[in-house]
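> everything below, folded, please.
(chains A and B)
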Amino acid sequence: MLIFEIIMVAMAAIRANVLRAVLTTLGIIIGVAAVIAVVALGQGAQRRVEAQIQSMGTNVLTIRPNWGHFGGVRNVAQRLYVRDADALKRESNGLLTVSPVASSGQQVTYSRWNAHAEIYGVWPEYFAIHDHHLALGRYFTEGELQGRRRVAVLGANVLSNLAGQDSAALTPESILGQTIQIRGVPFVVIGILKAKGESGFQGPDEDIFVPTSTALYRLFGGRERLSSIEVSTFSPKEQEQAYAQIDQIMRRQHRLRPGDDADFQVFNAAQMMSTFNETNKTLTYLLAGIAGISLLVGGIGIMNIMLVSVTERTREIGVRKALGATRQNIMFQFLVESLALCVLGGVLGVGVGFLAAHLMTTFAQWQTYVAPYAVFTALGFSAGVGLFFGMWPARRAARLDPIEALRYE
Amino acid sequence: MNDVIIRTEGLKKDYVLGAETVHAVRGVDLEIHRNEFVAVMGPSGSGKSTFMNMIGCLDTPTAGKYWLNGQLVSELTDDELARVRNKAIGFVFQTFNLLPRASALHNVELPLIYAGVGSRERRRRAQEKLQMVGLGDRMEHKPPEMSGGQRQRVAVARALVNDPALLLADEPTGNLDSTTSQEVMEQLAALNREGQTILLVTHEHDIAAYAKRQVHLRDGIIEKDFMNHHGGAEA
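Numbers count the residues shown, from 1 in each chain, chains lettered A, B, ... in the order given. This next block holds a predicted model:
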């Protein structure tokens, strides 16, 4: 009952000077808004990356050459060849699904349109490794791979990249079975992939996939060097085993002695993402920490105004004490007031933070996500700031001598 | 001794001002009974204010004992004193000491809030007291919208709202003109006739004349203590 009355008194004090209350809480508003916006940005980035992992497949391992130097001389064996992929496929006893990748950016033309696209020379297994699905047509076959046939499977966005403004003129149905030119070499379009959606460095929707043999011998001028070899296991559980097997097979292929440094590296998409996420988290915490400092500064502002308020209302405190308010009553009244100011600032700050996140998404195209935990943490923190910085002014008020306070002009 | 409202024995108060100790009150023995109307008088420096602060439970004595309404209050803690002030004493100050932003009604309700009285009961009692002092039509007005006399009547209503054993009026007419002063004093005299024990502090003889008894302080001790022969309001 009494607590409720005292809360009402504290609220009335805030209502009596709304402008000052808002100005006082500006620090808290900005602090909370900054925390919300920064964390929203970090969370947005993380979500985006998580979506990428999903699209890339978590159980994909990528083998790349290790571009180290051995005594200043680049080792010829530090390269990946189709025979390495053959060995992996042959010797892993079906544990691994393997595809070599030879990629290069090339000019693509069809009818009156042309565009630049990344050409991937892959095995048919590649589509399974990356969990691609066809929208139309078919994948190329083992026979087409052996025969170095000029057939191409297009990523979902290749058509719109080609046609640009008049994309209506170029439909998947119309191009299927037609011949496009890649670096002047004619290829028959045999399939079009479904869109994978957003995906960072790989961007499969923009790419064109052809058989490895065709790519190496008909497009890349007899080059034998691969960009990478991609491998997947049936489930993430088999990854440890896969690592060991890849290491063993590749060392044998490259004739490395035990104890030699590997001339290849094995990456895992999930690992790369977790590395990214760690960095992202660190960065988010750092920025949120800086934003948190502005909350502290806001708290000092609250303390300042509360001290002013206690001084201004010395006489009121004296009257209340004379009429029977205990120290606790007075202390509680001023604590509630500073707490209410901070929570008010916190709520407004959350609103501004939401708005800021929304604006960043709208105008800068940054993906943001306002996590509930960030809202609750920011609110809790601002309430804590209110209690902490309200404590001293409230104690000062509570300790005022009623005689002195009543005499105060 | 049920009808003794105030009893002090050897009440003393010293202040330390730098190296000097000021003996503001040097041993006051006083007894005030129920339904008395006592005016405490004395020049400035007589220890009158210090004495009244102790009687009002706003301050504790350095030595001596003080019983208020049968309770030994000279040894209570600050918060216990706050409760005694809340329950047993009604204050009327020279400067009214109303909360300027609160309505008359809320001002009168204030002691009841700290007494933990429920809002409906609080409102009813505050309205009753405001009507009693003749401000039934001004309850929602705020102090700055009222005349000095009206404000002091709000203060009187506030002092009475807890039905205190003692009404303590500290220079209640100090900030009022003579006509308004008369009105306020007549109100106090009327309350006294209805049984209210009142202790009045003043330095004006014509105001003191409203009381039934006068206690004069000088240099921290009681100099004179006598009954007013005229008594009542016709002085």
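> longest helix of chain B, counting residues only.
Ranked by residue count, the top helix of chain B under DSSP state H comes out as helix B:178-193.
> buried residues in that helix, which are they?
Neighbour counts over helix B:178-193 (16 or more other CB atoms under 10 Å in any protein chain shown) mark B:180-185, B:187-189, B:191-192 as buried. C-betas here are computed from N, CA, C, even on glycine.
> now distance to B:Leu58 and pLDDT too, for these, in JSON lines please.
As requested, the buried residues of helix B:178-193 are exported to JSON lines (distance: CB to CB, whole Å; pLDDT from 0 to 100):
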{"residue": "B:Thr180", "distance to B:Leu58": "26", "pLDDT": "92"}
{"residue": "B:Ser181", "distance to B:Leu58": "24", "pLDDT": "93"}
{"residue": "B:Gln182", "distance to B:Leu58": "28", "pLDDT": "93"}
{"residue": "B:Glu183", "distance to B:Leu58": "27", "pLDDT": "91"}
{"residue": "B:Val184", "distance to B:Leu58": "22", "pLDDT": "92"}
{"residue": "B:Met185", "distance to B:Leu58": "24", "pLDDT": "94"}
{"residue": "B:Gln187", "distance to B:Leu58": "24", "pLDDT": "92"}
{"residue": "B:Leu188", "distance to B:Leu58": "20", "pLDDT": "94"}
{"residue": "B:Ala189", "distance to B:Leu58": "25", "pLDDT": "95"}
{"residue": "B:Leu191", "distance to B:Leu58": "22", "pLDDT": "94"}
{"residue": "B:Asn192", "distance to B:Leu58": "23", "pLDDT": "95"}
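> partner residues bridging the spatially most central residue of chain B?
For chain B, the residue sitting closest to the mean C-alpha position, by CA atoms, centre = their mean, is B:Leu168 at 1.0 Å. On the basis of DSSP bridges, B:Leu168 is bridged to B:Phe91, B:Leu199.
> repeat for A:Phe267
Assigned bridge partners for A:Phe267, using DSSP bridges, are A:Thr62.
> who in the stretch 51-200 of chain A is up against chain B?
Contact residues (CB under 8 Å from any CB of the partner chain) of the stretch 51-200 of chain A with chain B: there are none.
> so where's the stretch 51-200 of chain A uncertain?
A:52-58, A:67-78, A:197-200 (pLDDT under 70).
> and the longest helix of chain B, what does it pack against?
strand B:37-41, helix B:148-160, strand B:166-170, strand B:198-201 (3 or more CB pairs under 8 Å, 6 or more residues apart in numbering or on different chains; DSSP states H and E).
> next, the contact list for A:Ile190, please.
By CB atoms under 8 Å, 6 or more residues apart in numbering or on different chains, the residues touching A:Ile190 are A:137-140, A:151-153, A:176-177.
> just those now: which is nearest A:Phe376?
Sorting those by distance to A:Phe376 puts A:Val153 at the head of the list, at 47.8 Å, by CB to CB.
> the closest one: what secondary structure?
The three-state label for A:Val153, taken from DSSP: H, G, I helix; E, B strand; the rest coil, comes out as strand.
> wait, it touches A:Ile208, no?
Yes: here A:Val153 reaches A:Ile208: they are 7.3 Å apart, a contact under CB atoms under 8 Å.
> for those two, work out which one has more neighbours and name it.
Between A:Val153 and A:Ile208, counting by other CB atoms under 10 Å in any protein chain shown, A:Val153 is the more crowded of the two (28 against 22).
> list the contacts of that one.
Neighbours of A:Val153 in contact, by CB under 8 Å, 6+ apart: A:127, A:134, A:137, A:139-140, A:189-193, A:208-210.
> what residues are bridge-paired with it?
Per DSSP bridges, the residues bridged to A:Val153 are A:Gly191, A:Phe209.
> for the stretch 201-350 of chain A, which residues are neighbours of chain B?
Those residues of the stretch 201-350 of chain A that sit near chain B, judged by CB under 8 Å from any CB, are A:315-316, A:318-329.
> reformat the residues you listed as TSV; add neighbour count, secondary structure and pLDDT.
Listed next are those as TSV, based on neighbours: other CB atoms under 10 Å in any protein chain shown; DSSP: H, G, I helix; E, B strand; the rest coil; pLDDT from 0 to 100:
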residue	neighbour count	secondary structure	pLDDT
A:Arg315	18	helix	92
A:Glu316	24	helix	92
A:Gly318	23	helix	94
A:Val319	23	helix	94
A:Arg320	27	helix	94
A:Lys321	28	helix	94
A:Ala322	25	helix	94
A:Leu323	26	coil	94
A:Gly324	25	coil	92
A:Ala325	29	coil	92
A:Thr326	21	coil	92
A:Arg327	18	helix	92
A:Gln328	13	helix	91
A:Asn329	21	helix	91
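> give the closest residue to A:Arg252 in space, chain neighbours not counted.
Closest residue to A:Arg252 apart from its sequence neighbours, by CB to CB, 6 or more residues apart in numbering or on different chains: A:Ala87 at 7.6 Å.
> verify the stated contact: that neighbour with A:Gln253.
Yes: counting by CB under 8 Å, A:Ala87 touches A:Gln253, with 5.2 Å between them.
> for the helix or strand containing A:Val310, the averaged confidence score.
In this assignment (DSSP states H and E), A:Val310 forms part of helix A:269-312. For helix A:269-312, mean pLDDT is 84.
> which elements pack onto that helix?
Using 3+ CB pairs under 8 Å, 6+ apart: helix A:269-312 touches helix A:18-56, helix A:327-364, helix A:372-398.
> now the last one against helix A:327-364, angle please.
Spelled out, that is helix A:372-398. Put simply, helix A:372-398 runs at 150 degrees to helix A:327-364, going by axes from the mean of the first three to the mean of the last three CA atoms, to 10 degrees.
> check the stretch 51-200 of chain A for the residue nearest chain B and tell me.
Closest approach of the stretch 51-200 of chain A to chain B (CB to the nearest CB) occurs at A:Ala51, with a separation of 56.0 Å.
> which SS class is A:Gly221?
Of the three states, A:Gly221 takes coil according to three-state DSSP.
> for A:Phe234, same thing?
Look at A:Phe234: counting by three-state DSSP, its state is coil.
> kindly report the same for A:Gly105.
For A:Gly105, the assignment made with three-state DSSP gives strand.
> spit out the contact partners of it.
A:116-119.
> now the strands for chain B?
Along chain B, counting by DSSP state E, strands occupy B:4-17, B:20-33, B:37-41, B:63-68, B:71-72, B:89-92, B:166-170, B:198-201, B:213-218, B:221-227.
> so can I have TSV of those showing mean pLDDT?
Converted to TSV, these look like this (pLDDT from 0 to 100):
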stretch	mean pLDDT
strand B:4-17	92
strand B:20-33	92
strand B:37-41	95
strand B:63-68	94
strand B:71-72	93
strand B:89-92	94
strand B:166-170	94
strand B:198-201	95
strand B:213-218	94
strand B:221-227	92
